[in-house]
Each structure stands twice: as structure tokens, then as C-alpha cells.
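Chemist: Pasted the sequence and its predicted model underneath.
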Amino acid sequence: MTTDSSAPDTTRRVRLEADDRRAQMINAAMTVFAGKPYESVSTEELARAAGTTRTNLNYHFGNKRNLYLEALTQFATLPSKLPRVALDGPVEAGVDRLFERWLDLVERNRETFMVLMHAQRAPADDVVSGIIQGSLAAWEDRLLAVLGLPEDDSSARARMRAFQAMVGAATEEWLATGNLSKQQVQEMLTGALLALGRADRAAS
């Protein structure tokens, strides 16, 4: 009796192809959602952008909302790619390097960042809010760490949350409108965070 040794490879290839199709749909969805809010996007538009049918899109994700959540979750992973602790050397160099890496990251993931910006302006949604808050909390950890501030300092965390509004607005002024250059954003955010760090250390 002989066995078909190619069967496992065939199964793996089919699974990889399905994963590739899902990734293609998510990437296309991020491009669409980056250009307009969730409520203005139709399932047909998403399918057309992905080069597929509504039936196939619903097969993989069930509905438009599930695809939207998949696209939004992509942003939540970005802060985890940044350094969690301060780099060797002066705090100023560590902060500058953090924002250099952040801006490089969002430049490579522009659509993902813009999806988040639209999501933050949308009506309250518990699931969406949870994804956004998880991402922002990870950012707080990086900001506190690079300044050398304790993670359990509630006052410092509150200042980091307020600062993140500036991070989002400044980054959007660069990516979406072009009113600021990448260098201007980096210099502004670096200076502002260092000032917050000095204020926290002076108050302690």
C-alpha cells in the first residue's frame, strides 16, 4: 500500500494561500478605511478594493465589522515594535531615537495609522475602544520607560495620556495634510516629551 506523501504539502500550501488572501483583504481594507470613516464604506467597496467578491470577503470575515476590527487590530501591534526601555546614553538621545523609530514605523504603516485616527473620531464602541486603549497603554509604557519614570506613577501616566493626543495630531498633520514635515514632528515631540519628563522629575 502506498501513501500520498504530497498531501501534507498540499494542505499547507492551501492554508498559506488562504492566509495570503486574508492578508490581502486586510491590507486593501486598511487603504479604504484610511480614506473615509467606517460608516461610509460598503462591503462591495471593500471587496472591489481587494479584487474579490462580497461572498468571498464574507466567507473569510463574516461581515464588514469583523474585517474592520482586523484592520484596526493591526495598529495595536505597532507600539510593541518600539523599544520598551530607554536606550543607552542620555535621556535626550533615547527620546529622539524613540520618535525617529515611531515616525519611521507609521510612515511604513500609513493606512493603519489613518484607520486609527478615523476610529478615534467615530461614535463610542466598546470593542473598538478596547483595541485603541490597549495600543495607547502600550505607548504609555514606552514613553515612561524612555524617560526613566515609574510605571505605577498615576500622575505621570495621566500626562503621557494627554501627550499622546499631541502625538496623534502632530503625526496626522504630517501624514494627512503635509502641514508639518517628518523632521518638524520629530523635533516637536522630542522637545515636548523631554519637557514633561523634566516637570515630573522636578515635582517628585
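Modeler: Nice, I can see it.
Chemist: can we go C-alpha only for contacts and neighbour counts from here?
Modeler: Fine.
Chemist: what sits against Thr73?
Modeler: In this structure, Thr73 makes contact with Ile131, judged by C-alpha atoms under 8 Å, 6 or more residues apart in numbering.
Chemist: Let me fix that, I meant to ask about Val95.
Modeler: Counting by C-alpha under 8 Å, 6+ apart, the residues that Val95 touches are 86, 146-147, 190, 193-194.
Chemist: Ser181 now?
Modeler: Trp174.
Chemist: in what helix or strand does the residue nearest to the spatial centre of the chain lie?
Modeler: By C-alpha atoms, centre = their mean, the chain has its centre lying nearest to Phe75, at 2.2 Å. In this structure, Phe75 sits in helix 64-76 according to DSSP states H and E.
Chemist: Just the buried positions in the helix or strand containing Arg159, please.
Modeler: Using DSSP H and E, the element containing Arg159 is helix 154-172. Within helix 154-172, the residues that qualify as buried by neighbour count (16 or more other C-alpha atoms under 10 Å) are 156-157, 159-161, 163-164, 167, 170-172.
Chemist: same thing with stretch 96-106?
Modeler: 96-103, 105-106.
Chemist: now that stretch, how far from the centre of its chain.
Modeler: 13 Å (C-alpha atoms, centre = their mean, to the nearest Å).
Chemist: quick one: contacts of that stretch?
Modeler: 78, 82-83, 112-113, 146, 171, 182, 186-187, 189-190.
Chemist: Lowest-confidence one in the residues you listed?
Modeler: Among the contacts of stretch 96-106, Pro83 carries the lowest pLDDT, at 62.
Chemist: ok, Pro150 - contacts?
Modeler: Leu144.
Chemist: Quick one: classify it as helix, strand or coil.
Modeler: coil (DSSP: H, G, I helix; E, B strand; the rest coil).
Chemist: Can you mark which positions in the very next helix or strand once past the helix holding Arg159 are buried?
Modeler: Counting by DSSP H and E, the next helix or strand C-terminal to helix 154-172 is helix 182-203. Going by neighbour count (16+ other C-alpha under 10 Å), the buried part of helix 182-203 is 182, 185-186, 189-190, 193-194, 196-197, 200.
Chemist: cool, stretch 20-37 as well?
Modeler: Those would be 21-22, 24-34, 37, for stretch 20-37 by 16+ other C-alpha under 10 Å.
Chemist: Only C-alpha atoms, please: export it in CSV.
Modeler: Output of stretch 20-37 as CSV, limited to C-alpha atoms (Å, rounded to 0.1, in the frame of the first residue of the first chain):
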residue,chain,number,x,y,z
ASP,A,20,-2.4,35.3,1.9
ARG,A,21,-5.9,36.1,0.7
ARG,A,22,-6.9,37.2,4.2
ALA,A,23,-3.9,39.4,4.4
GLN,A,24,-4.6,40.9,1.0
MET,A,25,-8.2,41.7,2.1
ILE,A,26,-7.0,43.3,5.4
ASN,A,27,-4.4,45.4,3.5
ALA,A,28,-7.0,46.6,1.0
ALA,A,29,-9.4,47.3,3.8
MET,A,30,-6.9,49.5,5.6
THR,A,31,-6.4,51.5,2.4
VAL,A,32,-10.2,52.1,2.1
PHE,A,33,-10.8,52.8,5.8
ALA,A,34,-7.8,55.2,5.8
GLY,A,35,-9.6,57.3,3.3
LYS,A,36,-13.0,57.5,4.9
PRO,A,37,-14.8,56.6,8.1
